[in-house]
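> Whatever this is, show me its structure:
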Amino acid sequence: MSTRESTTADDPVIESFEQLLAPMIRGEKPPERWRIGTEHEKLVYKRADFRAPSYDEPCGIRDLLKGLEAFGWTPIEEGGNVIALKGADGAISLEPAGQLELSGAPLENLHETCAETGRHLAQVKQVGEKCGVGYLGLGMWPDKRREDLPIMPKGRYAIMMRHMPRVGKLGLDMMLRTCTIQVNLDYASEADMVKKFRVGLALQPLATALFANSPFTEGRPNGFLSYRSHIWSDTDPARTGMLPFVFEEGFGYERWAQYMLDVPMYFVFRDGKYIDAAGLSFRDFLEGRLSVLPGERPRQSDWWDHLSTAFPEVRLKSFLEMRGADGGPWSRICALPAFWVGLLYDQSALDAAWDLVKHWSMEERERLRNEVPRLALATKSPSGGTLQDLGREVLKIAHAGLKARARLNAAGDNETGYLETLDEIVASGKVPAERLLDAYHGEWNGDITRVYEQSF
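Next up, the predicted model:
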């Protein structure tokens, strides 16, 4: 989740609807300037007893961040606490219970993306070894209750944690117990954005299935393969979901802005502090009628903040975010951007992917979204067969898209190798969560602590 540093002097008051469209319009880039921004979160634990470290204990989360400064990262503070870092490889930030996130830099190809991921994991492992800390690549804490987890000292999280129980049963689980991999991608025009958004939204359940990796809750199987995905179904219906309007005629920047205006606010950032505006209307803010800031109108930065507070399966800001995957190990961190870049960054691949999904009804899309958390690749596909069958077709398209991009590394290899882990999953029909369950019921003999052997 984004981290605010300060309010800048160049921060105009929003006086027209056109200003609300500016972030999306500004995102338009010709294909040669398209970049790949990969985000990945990991669970942090103490190797001695598997507990989640607090922020301020010795060798806790704060000390991990400070240790990373040795690699050239610059600290970002809030209220006197280091809560993020920025550097050449993007930004390192904290999720609410201390999940560590890298929001990678915008990079030209997947070789650079995977190298960035490797650098980051090497750095956090080096700091972690000094502190007896390890990292898990899973979609959800496999054994922790909410009350077992620390809370990070970030003002926006305090506001969200107060608000979440008002609007859903599982919002606190989303904040405290989950991890994801995401990729941020560019578009050339409004029409290009719309097509990519539609393909991304329709195929997001397939990505959820391929990356399903959260089958345990509080030490036992939870009946799901991606419980992280299920959690989003009861977090906050005003800011989540499959967004039927995206598939309606006339969808574009204006319709997205109207949707975001209807998403209730969380906060306003002023003078280094977060003001609680949870549940209030940005439309009222535009009219100077926000109760917590009477008479004040929003600035451009307020709109940028607000754009980061909707959590659908695909999100538009000045780029498109693909948000359907559980957290995972190094190979799957590289595989997620490979999957979406292969489908969306080559025109022939994009057209082929759209041809696969364009006839699906909204009812079919919603059914996929609802069934995938339990069934993963066994879910029936609207195109016939199962998602395993669909996955074969989609991965062929992704391979062709990456091959056509012809981005080579020093050894002369293109980017298709990063799809190998997904090829193996589809060939076997067994997603990561199912392999974990096999181990739990087999060699682990029901001992959930064995999951920590999956550490980075």
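> going forward, measure contacts and count neighbours with C-alpha atoms only.
Will do.
> number of nearby residues for residue 412?
Close neighbours of residue 412, defined as other Cα atoms under 10 Å, add up to 9.
> Let's verify it: helix, strand, or coil?
Three-state assignment for residue 412 (DSSP: H, G, I helix; E, B strand; the rest coil): coil.
> Likewise for residue 138?
With three-state DSSP as the criterion, residue 138 reads coil.
> Can you pull up the most central residue in this protein?
residue 182 (3.9 Å; Cα atoms, centre = their mean).
> what's the helix or strand harbouring that residue packed up against?
Take DSSP states H and E as the rule and residue 182 turns out to sit in strand 180-185. Under the contact criterion of 3 or more Cα pairs under 8 Å, 6 or more residues apart in numbering; DSSP states H and E, strand 180-185 touches strand 36-46, strand 320-326, helix 330-344.
> hmm, try it at 6 Å
Packed against strand 180-185 by the contact rule (3 or more Cα pairs under 6 Å, 6 or more residues apart in numbering; DSSP states H and E) you find strand 36-46, strand 320-326.
> Give the partner strands of it in its sheet and their orientations.
Strand 180-185 pairs in its sheet with strand 36-46 (antiparallel), strand 320-326 (antiparallel), by DSSP bridges.
> possible to save those as a markdown table with mean neighbour count, distance to residue 171 and mean pLDDT?
Shown next, in a markdown table, are the strands paired with strand 180-185 (neighbours: other Cα atoms under 10 Å; distance: least, Cα to Cα, whole Å; pLDDT from 0 to 100):
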| stretch | mean neighbour count | distance to residue 171 | mean pLDDT |
| --- | --- | --- | --- |
| strand 36-46 | 25 | 17 | 98 |
| strand 320-326 | 26 | 16 | 98 |
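> still on that earlier bit, you'd agree the residue nearest to the centre of the chain is up against residue 39?
Yes. Using Cα atoms under 6 Å, residue 182 is in contact with residue 39, at 5.0 Å.
> Next, residue 400: phi, psi?
Phi and psi for residue 400, reported as degrees, to the nearest 10, are phi -60, psi -40.
> For the closest residue in space to residue 408 that isn't next to it in sequence, give me phi and psi.
For residue 408, ignoring the flanking residues on the chain, the nearest one in space by Cα to Cα, 6 or more residues apart in numbering is residue 414 at 4.4 Å. The phi/psi pair for residue 414 (degrees, to the nearest 10) reads phi -80, psi -170.
> what about residue 414, how many residues close to it?
Per other Cα under 10 Å, the neighbour tally for residue 414 reads 19.
> Quick check, pLDDT for it.
What the model reports as pLDDT for residue 414 is 98.
> Please apply the same query to residue 426.
98.
> what are the ranges of the strands in the stretch 1-150 of the chain?
Secondary structure of the stretch 1-150 of the chain (DSSP state E, counting those that start in this stretch): strands at 36-46, 74-78, 81-87, 90-94, 100-103, 133-136.
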